[in-house]
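Student: 3D model of this:
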Amino acid sequence: MKNQPDPSGSTKSSRRQFAKSVATTLIAAPLAASIVKSQTPTRPKEPTAPPGPQSSQVPQKPSPLAEAYAEVARVRFGEKLSSEQVEQVKKDLDGNVRNAERLRGVKLKNADEPDFIFSTV
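Tutor: Residues are numbered from 1 along each chain as shown. Down below sits the predicted model:
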């Protein structure tokens, strides 16, 4: 018995056609992923310090903005903080300033979407 076209106009696929399409997709997926990966621009890596004991023991000098923020915190809350806590606040503020600079360095296009979806609960 031959497959005759459905008079209603809808096209039905057989199990064999479905299995072929699944197999083709499984074979083509790694190829498509490698093509997409090769077309994605890579960001240059930030220079890293050479491995060794001196890189982990040499503290970085805080940025001037972090120094200014730390001075404001010391003036406002200095009587409640020990010198060790003030130094920790300075390190934390320096990390925040460096993270903010990195975030500002990423240029977004108008078409870039957020990583989350807005929804109502």
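Student: any idea where the helices of this structure begin and end?
Tutor: Counting by DSSP state H, the chain has helices at residues 15-39, 53-57, 64-77, 83-105.
Student: Mean pLDDT lowest where, among those helices?
Tutor: Among the helices of the chain, helix 53-57 carries the lowest mean pLDDT, a mean of 51.
Student: Mind checking the helices of the chain for the one nearest to residue 114?
Tutor: Nearest to residue 114, of all the helices of the chain, is helix 83-105, at 14.2 Å by C-beta to C-beta. (Each C-beta comes from the backbone N, C-alpha and C, glycine too.)
Student: Show me what that closest one is packed against.
Tutor: helix 64-77 (3 or more C-beta pairs under 8 Å, 6 or more residues apart in numbering; DSSP states H and E).
Student: List the buried residues in the helix it packs on.
Tutor: Neighbour-count burial for helix 64-77 flags 66, 69-70, 73-74 (criterion: 16 or more other C-beta atoms under 10 Å).
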